[in-house]
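In: Predicted coordinates and the sequence they were generated for:
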Amino acid sequence: MSSPAALRRLEEPIAAAARELGADGPVDVSLERPGDPAHGDYATTIALRLAPVLRRPPREVAQELATRVELGGLVTGIDVAGPGFLNLTLGPAWYAEALAELLALGGRYGAGSAVRPERIQVELVSANPTGPLTVASARNAAYGDSIARLLEFAGHDVRREYYVNDTGTQIELFRASVEARARGEKPPEGGYMGDYIAALAAEGGDPVERMVAAIRRTLERFRVAIDEWVFQTEVERDLDAALAELDLFEAEGARWLRTTVWGDDKDRVLIRSDGRPTYFAADAAYIRYKFARGFERLIYVLGADHHGYVARLKALAAAYGHDPDAVEVLIYQLVHLTSGGEARKASKRRGEVVFLDELIDEIGVDAARWYLVMRGHEQTIEIDVDLAREKSEKNPVYYVQYAHARIAGILRNAAGAAAPSAELAGEPAPEERDLVKRLAEFPGIAAEATERRGPHAIPVYAVRLADEFHRFYHHHRVLGSEAEPFRLGLCRATQSVIARCLDLVGVAAPERM
RNA sequence: GGCCCCGUAGCUCAGCGGAUAGAGCGGCAGACUUCGAAUCUGCGUGCGGAGGUUCGACUCCUCCCGGGGCCA
């Protein structure tokens, strides 16, 4: 399902021909778009990969495939090139078919790539409620939410969850800091400072509750819809039951879980010698609670500083009798903030933070989400706050949004004109061909982004698609041309795919700008 | 000392086994009586280093160098 029907219609006859030659099992034709237009519209390396299996020279295999394969009018040329590439040149009929498929599917184009839909929980952000969300959490939110959106689009049943650490030493320190401030005293050693502490002190009430409410508002503003908020204090009510199910051992007065048998680098304490449970004990109760709710896959979105958690979380899953691979820990690298070339230190306690709300105020939700998710999650990213603020119109997100708005404008003006259609009046122009081929990439891009947990592929693709559209626009008039129905069809299809791309990363698709 | 991530164009980054490695920003030169100029067109030898696997390596493996992070 990762390729559109228009591509499968090319791939399947080639696969059939390959099987005739003696290839057994599923044959992966995987058509690719060559960089050089002289190499045709699509190319496959099937002959190169088949040659060792068939014990024949690759070019010979390619030649034989080219003679055997029957692609009818979809293709006007099939050539052997280089060491054994098979290059296809598409005929007009293919473009019409591809566009027809896209128009028929509309917003569902590219959806449903999941081979087996699962019940998936994505735990994201889960920052301590000791202060407003920072830019570091913003990457978690943007990345985690895009993962959730991709999984939903692929056909999975997805729930987003936020785990609130509402107890423990940091929380006590936080409460003490607010109380000290309310009395007009200095915060305790290592305590929290900043304007928000003063504001909480002035407001009164439970500062933790207020912080959670503030985080909730920020996430809503950031277009992250949390389905479930789970509090550590709630989870810990089942602590005894959760620990009773584990095979703990005693050592040095403490009670341990032998996580090393599941690949952790050392065993972990759950109950300290003084009888107090560790944070890890709460993790145990929590993961047990997650599985108890029937999720088949648990995704944790964590910053790079938590990479040590991977082994012990999987160990917990295994200890409760689940497949450790049902726990998937997605690690993203940290965000560095710079300002005029100088690094800014993001420390919640010293009040020198850049909060997510401030970032949104400065560059807007669209640019913020785009910027935070447009790079690979394994890449440390650098955000120059000044640049983002002063030159936000340079952000490529506007380039993509502009293409969407421009199409919306054309379609508004087309009221009363011919209906969009995939009917081709004659030969499609080069820019029209390029646009259709770009659109045909989308299902594969979306599926791969989902499988690899790499949402950044979506913005990268969206920029290319917008690029292709802008080029098409400058070469061809849509309204009033002989090819008006086909070009309106192209516009509608492009608009639909751009809108989907933007939605997958939580960015608005404006009708006007 | 162990583990994780990263070294690609001046800068920020795509590219995850295929043909001549791309985009944005910055710079230079052009294009609006025309459906939206937030646009388009042109100008670029750069994969940290050394081995290895392969018909083919930015991509996979080993080592080294360099940056960031976690743990001890």
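Out: That came through fine.
In: hey, let's count contacts and neighbours off CA atoms from now on
Out: Noted.
In: secondary structure element for A:Leu372?
Out: Assigned by DSSP states H and E, A:Leu372 falls within helix A:356-373.
In: buried ones in that helix?
Out: Neighbour counts using 16 or more other C-alpha atoms under 10 Å place A:356-357, A:359-360, A:362-373 of helix A:356-373 among the buried residues.
In: same question, stretch A:401-416
Out: Residues of stretch A:401-416 classed as buried: A:401-408, A:411, A:414 (neighbour count, 16+ other C-alpha under 10 Å).
In: Repeat that for stretch A:52-59.
Out: For stretch A:52-59, burial by neighbour count (16+ other C-alpha under 10 Å) applies to A:58-59.
In: what does stretch A:443-459 give?
Out: Within stretch A:443-459, the residues scored as buried using 16+ other C-alpha under 10 Å are A:443-451, A:453-459.
In: Quick one: end-to-end distance for it.
Out: Terminal residues of stretch A:443-459 lie 14 Å apart, using C-alpha to C-alpha, to the nearest Å.
In: now do stretch A:200-207
Out: End-to-end distance for stretch A:200-207, by C-alpha to C-alpha: 6 Å.
In: try stretch A:447-467
Out: Start-to-end, stretch A:447-467 (C-alpha to C-alpha) is 22 Å.
In: That stretch near RNA strand B at all?
Out: Yes. Stretch A:447-467 reaches RNA strand B (C-alpha under 7 Å from any atom of the strand) through A:457, A:460, A:463, A:467.
In: Which among these count as buried?
Out: Buried members of these, scored by 16+ other C-alpha under 10 Å, are A:457, A:463, A:467.
In: thinking A:Tyr162 is in contact with A:Gln232, fair?
Out: No. Taking contacts as C-alpha atoms under 8 Å, A:Tyr162 lies outside contact range of A:Gln232: 10.6 Å.
In: re earlier: pick the one among the buried residues of stretch A:401-416 closest to A:Val80.
Out: A:Val80 has its nearest neighbour among the buried residues of stretch A:401-416 in A:Ala403, at 37.5 Å by C-alpha to C-alpha.
In: Could you report the separation of the closest one from A:Ala499?
Out: 10 Å.
In: same question, A:Gly25
Out: Relative to A:Ala499, A:Gly25 is positioned 38 Å away (C-alpha to C-alpha).
In: one step back: elements contacting the helix holding A:Leu372?
Out: helix A:135-154, helix A:207-221, helix A:385-390, helix A:396-413 (3 or more C-alpha pairs under 8 Å, 6 or more residues apart in numbering; DSSP states H and E).
In: mind listing the helices for the stretch 51-200 of chain A?
Out: Remark: helices assigned in the stretch 51-200 of chain A by DSSP state H, counting those that start in this stretch are A:58-68, A:92-105, A:135-154, A:169-182, A:195-203.
In: deepest of the ones you listed, which one?
Out: Highest mean neighbour count of the helices of the stretch 51-200 of chain A: helix A:135-154, a mean of 25 (counted as mean count of other C-alpha atoms under 10 Å).
In: what angle sits between that one and helix A:356-373?
Out: Counting by axes from the mean of the first three to the mean of the last three C-alpha atoms, to 10 degrees, helix A:135-154 lies at 50 degrees to helix A:356-373.
In: Out of the residues of stretch A:447-467 next to RNA strand B, which is nearest to A:Glu432?
Out: Within the residues of stretch A:447-467 next to RNA strand B, proximity to A:Glu432 (C-alpha to C-alpha) peaks at A:Asp467, which comes in at 12.6 Å.
In: tell me the secondary structure for that closest one?
Out: The three-state label given to A:Asp467 by DSSP: H, G, I helix; E, B strand; the rest coil is helix.
In: Next, find the distance separating it from A:Ile171.
Out: A:Asp467 sits 49 Å away from A:Ile171, going by C-alpha to C-alpha.
In: again, but for A:Tyr473
Out: Noted for A:Tyr473: a distance of 57 Å to A:Ile171, by C-alpha to C-alpha.
In: Same check on A:Glu236?
Out: 15 Å.
In: coming back round to it: comparing A:Gly25 and A:Ala499, which residue is more hemmed in?
Out: A:Ala499 (20 against 7; other C-alpha atoms under 10 Å).
In: Confirm the more buried one sits in a strand?
Out: No. Under three-state DSSP, A:Ala499 sits outside any strand and is assigned helix.
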